[in-house]
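K.L.:
Pasting a predicted model and its sequence here:
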Amino acid sequence: MQEKVIQSLSAAIAKEVEHRTQGVDWCETEIAGLDFYRQSAPTSCSVCVVEPSIALVVQGAKAMTLGEQTFRYDPSRFLITSLDLPAKMQVLEASQEAPYLGVVIKLDLAVMSDLMLQTPLTMQKETASDQGMILGATTPKLLGAISRLVNLLDEPESIAVLAPLIKREIYWRVLMSEQGARLRQIVSAGSHGLRIARTIEWLKVHYDQHLSVDSLADMARMSKSTFHHHFRQLTSMSPLQYQKRLRLLEARRLMLGEDIDASAAAYRVGYESPSQFSREYSRLFGASPKKDVATHWQ
């Protein structure tokens, strides 16, 4: 019975997403933090930074790889990302007749922190694995709330009033789910997850600066070894690797979006050696900067 309800709700949402993504592979909707995605064929792996979000597949299947772990999700499972995480994504199931259709709802951690105070005390004390990315089981209640948020696009005059309320319900459903402990740990005051999240916010802004793990550990109010352990547990990489990934992604954006050459991009994001930049770029993207840019514009 539950499976049929999930299929029905997913199909209804998919119809709306398909309608609003005609001719495009990404649609930023009129509701802040609600985006739609579409692909008409399977894709190769691409590198990206995944923001704190709930990612739902309503048709097809997708995979997200963080470190050595791959998360495959489809209409029966959704992806929760609690931190800004450099990862690799790939659409697995898609065709012209049945395109991949996805919904992403960005998380407002301030709102979730407020909701956290209203969860039962017994749930607040639950421990969770140190992972910044995890899968959850799709439920009719969660899909029902997401369906109402999507349908609100047909009532633009109601978005300002109702969208925040429906989002709160969606966040609540996730917080109360089997994987809610992971998010509750991130938004709980004083938790290791929240401390790491704050250092990641700093890294996102200062990725081009010299990285001192000691300073980051001090910022997180942890010893260096404890900070390094929890950072790696949450992100599947070291602080230095995280910074390097941010630098390379920003350099690629500069070359593709602002027509900046490789050497200038390398210096802009904090590299002192263009040759080192080229080696690390090739290792991540599978081609040299020059070849990657040329391939993109073919």
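P.N.:
Yep, that arrived. Numbering: from 1, shown residues only.
K.L.:
quick one, phi/psi of the residue lying closest to Leu107 once chain neighbours are set aside?
P.N.:
Once flanking residues are discounted, Leu107 sits nearest to Pro52: 4.1 Å by Cβ to Cβ, 6 or more residues apart in numbering. No exception for glycine: its C-beta is placed from N, CA and C like everyone else's. With angles defined as degrees, to the nearest 10, Pro52 sits at phi -60, psi 120.
K.L.:
what's the spacing between Pro52 and Leu109?
P.N.:
Noted for Pro52: a distance of 6 Å to Leu109, by Cβ to Cβ, to the nearest Å.
K.L.:
Over to Glu97?
P.N.:
39 Å.
K.L.:
For these two, work out which one has more neighbours and name it.
P.N.:
Shown here are Glu97 and Leu109; by other Cβ atoms under 10 Å, Leu109 has more neighbours (18 against 6).
K.L.:
Look at that one and report its pLDDT.
P.N.:
Note for Leu109: predicted pLDDT of 82.
K.L.:
Check the spacing between it and Met116 real quick.
P.N.:
Per Cβ to Cβ, Leu109 is found 10 Å from Met116.
K.L.:
for the longest strand anywhere in the chain, packing partners?
P.N.:
Longest strand in the chain by number of residues (criterion: DSSP state E): strand 85-93. Other helices and strands packing on strand 85-93, by 3 or more Cβ pairs under 8 Å, 6 or more residues apart in numbering; DSSP states H and E, are strand 46-50, strand 61-66, helix 239-257.
K.L.:
which regions of the stretch 1-150 of the chain lie under the pLDDT threshold?
P.N.:
121-130 (pLDDT under 70).
K.L.:
Quick one: the strands in it, in order.
P.N.:
Ranges of strands in the stretch 1-150 of the chain, per DSSP state E, counting those that start in this stretch, are 26-28, 34-39, 46-50, 53-59, 61-66, 69-73, 77-81, 85-93, 100-106, 133-137.
K.L.:
nearest to Ile159, of those?
P.N.:
Minimum separation from Ile159 across the strands of the stretch 1-150 of the chain (Cβ to Cβ) falls at strand 34-39, 9.8 Å.
K.L.:
Parallel or antiparallel, list what pairs with the closest one.
P.N.:
strand 26-28 (antiparallel), strand 100-106 (antiparallel) (DSSP bridges).
K.L.:
Asp259 is nearest to which of those strands?
P.N.:
For Asp259, the closest of the strands paired with strand 34-39 is strand 26-28, at 21.7 Å, according to Cβ to Cβ.
K.L.:
buried ones in the closest one?
P.N.:
Residues of strand 26-28 classed as buried by neighbour count (16 or more other Cβ atoms under 10 Å): Cys27.
K.L.:
Run the chain-centre distance for that strand.
P.N.:
Strand 26-28 has its C-alpha centroid displaced from the chain centroid by 15 Å (Cα atoms, centre = their mean, to the nearest Å).
K.L.:
before we move on, back to that, want to throw the helices and strands packed on strand 85-93 into CSV with mean neighbour count and distance to Leu101?
P.N.:
Listed next are the helices and strands packed on strand 85-93 as CSV, based on neighbours: other Cβ atoms under 10 Å; distance: least, Cβ to Cβ, whole Å:
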stretch, mean neighbour count, distance to Leu101
strand 46-50, 15, 18
strand 61-66, 20, 10
helix 239-257, 19, 25
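K.L.:
so which of these gets nearest Met222?
P.N.:
Closest approach to Met222 among those is made by helix 239-257 (11.8 Å; Cβ to Cβ).
K.L.:
Hey, what's the angle from the closest one to strand 85-93? Just curious.
P.N.:
If you take axes from the mean of the first three to the mean of the last three Cα atoms, to 10 degrees, helix 239-257 sits at 60 degrees to strand 85-93.
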